[in-house]
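Chemist: Build me a model from this:
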Amino acid sequence: MAELITRKENAVGWVIFSNPTKFNAVSQDMWTALPGAIAAFDADPEVRLIVITGDGDKAFISGADISQFEKARGSAEAQAIYNQAVVDAYEAPVRCSKPVIAKIRGICMGGGLGLAAACDIRFAAEDAVFRMPAGRLGLGYNYTGIKRFTQIIGAAGTSDIFFSARKFNATDALAMGFVSRVLPLADFDREVAAYCEMVAENAPLTLAAAKFAIRQTGLDPEVRDLKQTARMIDICFDSDDYREGRRAFMEKRKPTFKGK
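Modeler: Numbering: from 1, shown residues only. Sure, this is the predicted structure:
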């Protein structure tokens, strides 16, 4: 059964793409469900960050479920509806105020690669395999998606993976800057959990302000909201968390942040 699974573990909201018999290929319903799942975690004050991953140890996401293409993408009208669902799904991690991490093991191709690119940080297990097969399917990739890749791996790297449609491994992904770290299988879960714990201990208002400012750097100048960026920075300096951070530093103890 293809489904999007969500669960909360301490301060981490998990979003799990589950379609194991098809290497977690994404159905239209799963694309449609993603924005709501991320929005729910974004609104939950107990959640400090979100991790997107795949079900099992074979795949992160192998791409869109091609078996649905004739029905879900068989006409111009159906294609437009499907495309909008995918665009909304890709935008959800970007627009989320909290850090969103892609935890990648096994196959990460097509729609999975695009979704991983929309996350803030990507960690890969050493068995991860990547591919952008658009050129083999004859489909067009939208400007926003292409721009997202160029911001991560540059124009030359984006040209390479789109023009060749080749498979590349975790070492390649690290070298081109697509993933932040490549981890041995034996350490993968533990290292990602430790990183999540480290992020969760930090001041939520600071993380939100940093993520918003980082996002502005990728927007065209005429749509950047630098006033809101400045407001979010001011909120940090006027917060109880900032006072707690200063006290904790002086008292040589770990701060306890409340997000206000």
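Chemist: what ranges do the strands span in the chain?
Modeler: Remark: strands assigned in the chain by DSSP state E are 3-9, 12-18, 49-54, 59-61, 100-104, 107-109, 121-125, 129-131, 167-169, 181-183.
Chemist: Packed most tightly, which of these would that be?
Modeler: Of all the strands of the chain, strand 59-61 has the most neighbours on average by mean count of other C-beta atoms under 10 Å, namely a mean of 28. All C-beta spots, glycine's among them, are computed from the backbone N, C-alpha and C.
Chemist: Who are the packing partners of that one?
Modeler: Strand 59-61 sits against strand 49-54, strand 100-104, strand 107-109, helix 111-118, with contacts defined as 3 or more C-beta pairs under 8 Å, 6 or more residues apart in numbering; DSSP states H and E.
Chemist: Quick check: can you name the pairing partners of that strand and their directions?
Modeler: Using DSSP bridges, strand 59-61 pairs in its sheet with strand 107-109 (parallel).
Chemist: How far away from the center of its chain is the strand it pairs with?
Modeler: Distance of strand 107-109 from the chain centroid (C-alpha atoms, centre = their mean, to the nearest Å) equals 14 Å.
Chemist: For that strand, what does the pLDDT average out to?
Modeler: Averaged across strand 107-109, pLDDT comes to 98.
Chemist: Quick one: residues in contact with it.
Modeler: Outside strand 107-109, the residues that touch it by C-beta atoms under 8 Å, 6 or more residues apart in numbering are 23-24, 58-63, 116, 124, 128-133.
Chemist: out of those residues, who's nearest residue 143?
Modeler: Each of these was checked against residue 143 using C-beta to C-beta; the closest is residue 132, at 15.3 Å.
Chemist: show me the contacts for the residue nearest to the closest one when sequence neighbours are not counted.
Modeler: Counting by C-beta to C-beta, 6 or more residues apart in numbering, residue 132 lies nearest to residue 161, which is 4.6 Å off, once chain neighbours are set aside. Residues counted as contacts of residue 161 (C-beta under 8 Å, 6+ apart) are 130-132, 149, 153, 168.
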